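In: give me a 3D structure for the following:
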Amino acid sequence: MFDVDLDDAHLRHIRQVIAASTAPPVPYDAIPVHNPEAPGTGFLLLAVPRSPAGPHAVTAPPTGRTQTALRYPRRGGSRTEWLTETDVATAYRARFTAAAEREQRLADVKAELVDALAARTTPQLIVTLIPEQAGDMVIDSKRFARYEQELQATQLRLGQPGTAFGQVMVGPRRLIVSEGNGRHSARAELHRDGSATIAVPLSGRIWVDDYEEAELHTAEPGDVVYPLLCALPFLAAHARDLAAASGLAHASVTLVADMSAHPTQARAFDPERLATVPFRVDRIDPVTGRPRPFTLGFSAYATADAGVLLDDLADCERGLLQATAALGDELLQAYGYPETGLITWTGSGPSHSATWSGSMARTPHGVAIWAEAATVMVGPMPTRTSNPRRASVRTRSTSPRWRASLPW
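Out: This is a model prediction of the structure:
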């Protein structure tokens, strides 16, 4: 064994070779082990998780006048075996069947939480995470005592001191955690297979008529994006650390004006239930303090989906902000926003900027406190801004070109 270069050029070369030589590209995680006596060199470990996208083909040299061919290898003891046509067909069927099962699992997990909270009549953000490779969280008396202690010490809202969950209970093949019994408390269901979902009531404004009856609920973009940013690492940590799932996962976020607006509640009829109060996502005019609607339309239901890496979310790495940006942008398009404007991708490289509003603005230094405690660091912006209180964060493990400016 000998040392290899651990610079970006070598890592890019490996990534290009794998992308060009496998189909679909094999997922992996490059883990450098630096040699303290020779900076810039050392061992490079390539951790390859079990892939739900199999079978993976490799390019084989062309035969005759044919183009580069695809062949499907698998390990058989100490040897490499090549899949037959029947093996390949069976593997593809398993891939597509598993994908359909995950979609159904996502719908079931989300529907069970909505049913449990069907009486809620205020806007709710529902975040759901389904690992592509299921885990297994064992629930017994001894382990439950440990789970309860850990969950009650969990800080759900990033950058805000104090604990979140006061109640931890056992449900059918799951743990149920909540902040309390009230309708304005977060509730999560953590399943044995690593699937998890959480409903977070949105903060915002309630506009009432002359009779003190609610006639409009509004929230700022930050009121939506901040709880999404907090929910993703919580759910991913359950999947990875409690259920021992790994690799990729399917993340879904749903925004409902109240629970009756969710499609699974369409069949439920309650003659005593009040009509759904219209809901809109508005920016607040800093001068008048009044909503500045992006669109005059209302939406009682919106949803967004993305593929994510569990480790990136659970460790609060750069992928957490990327996933939050992708999900938040898609979600708020239902309310007329091309993007949230909170995490904005700029330039051709990994350079991003962000402007926070809503919940972020009402949490002084909240993200900065979280950033310093997690995997990002706070530093000055390279250019002047009109806001003297603007700070920037960038990940320790990525290029310094990436930054997010946060005004508070």
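In: how close does Ala304 sit to Pro39?
Out: Computed as C-beta to C-beta, to the nearest Å, the Ala304 to Pro39 distance reads 43 Å. C-betas here are computed from N, CA, C, even on glycine.
In: pretty sure Ile176 sits against Ala186.
Out: No. Using C-beta atoms under 8 Å, Ile176 makes no contact with Ala186, being 11.7 Å away.
In: between those two, who's got more neighbours?
Out: Ala186 (22 against 17; other C-beta atoms under 10 Å).
In: partners of the nearest residue to Val277 once chain neighbours are set aside in the sheet?
Out: Of all residues not flanking Val277 in the chain, Ala214 sits nearest, at 4.9 Å (C-beta to C-beta, 6 or more residues apart in numbering). Judged by DSSP bridges, the bridge partners of Ala214 are Val208.
In: Trp207 is in contact with Ala214, correct?
Out: Yes. At 7.3 Å, Ala214 and Trp207 qualify as touching, with contact defined as C-beta under 8 Å.
In: the stretch 251-400 of the chain: helices as residue ranges?
Out: Assigned by DSSP state H, counting those that start in this stretch, the helices in the stretch 251-400 of the chain fall at 310-314, 318-332, 366-373.
In: helices or strands up against the longest one?
Out: Other helices and strands packing on helix 318-332, by 3 or more C-beta pairs under 8 Å, 6 or more residues apart in numbering; DSSP states H and E, are helix 221-237, strand 248-256, strand 301-309, helix 310-314.
In: make it 6 Å
Out: helix 221-237, strand 248-256, strand 301-309 (3 or more C-beta pairs under 6 Å, 6 or more residues apart in numbering; DSSP states H and E).
In: equivalent analysis for the shortest one, please.
Out: Using 3+ C-beta pairs under 6 Å, 6+ apart, the elements in contact with helix 310-314 are helix 221-237.
In: just the angle for the helix it packs on relative to helix 318-332, thanks.
Out: 130 degrees (axes from the mean of the first three to the mean of the last three C-alpha atoms, to 10 degrees).
In: helix 221-237: how far from the chain's middle?
Out: Centroid separation for helix 221-237 versus its chain: 7 Å, with C-alpha atoms, centre = their mean, to the nearest Å.
In: Phe43 falls within a strand, correct?
Out: Yes. Under DSSP: H, G, I helix; E, B strand; the rest coil, Phe43 falls within a strand.
In: tell me how far it lies from Ser246.
Out: Phe43 is 21 Å from Ser246, by C-beta to C-beta.
In: so the two - more neighbours on which side?
Out: The neighbour count for Phe43 versus Ser246, taken as other C-beta under 10 Å, is higher for Ser246 (20 against 14).
In: which element is the more buried one on?
Out: Ser246 is part of no helix or strand, with elements assigned from DSSP states H and E.
In: I'd say it and Pro49 touch.
Out: Yes. Between Ser246 and Pro49 there is a contact at 5.2 Å, judged by C-beta atoms under 6 Å.
In: out of the helices and strands packed on helix 318-332, which one sits most buried?
Out: With neighbours taken as mean count of other C-beta atoms under 10 Å, the helices and strands packed on helix 318-332 reach their highest mean count in helix 221-237, at a mean of 26.
In: ok, back up a step: nearest to Asp7, of the helices of the stretch 251-400 of the chain?
Out: helix 318-332 (19.2 Å; C-beta to C-beta).
In: avg pLDDT for the closest one?
Out: For helix 318-332, mean pLDDT rounds to 90.
In: and the angle from that helix to strand 248-256?
Out: 40 degrees.
In: so which residue is dead centre in this protein?
Out: Central residue of the chain (C-alpha atoms, centre = their mean): Leu232, 4.1 Å from the mean position.
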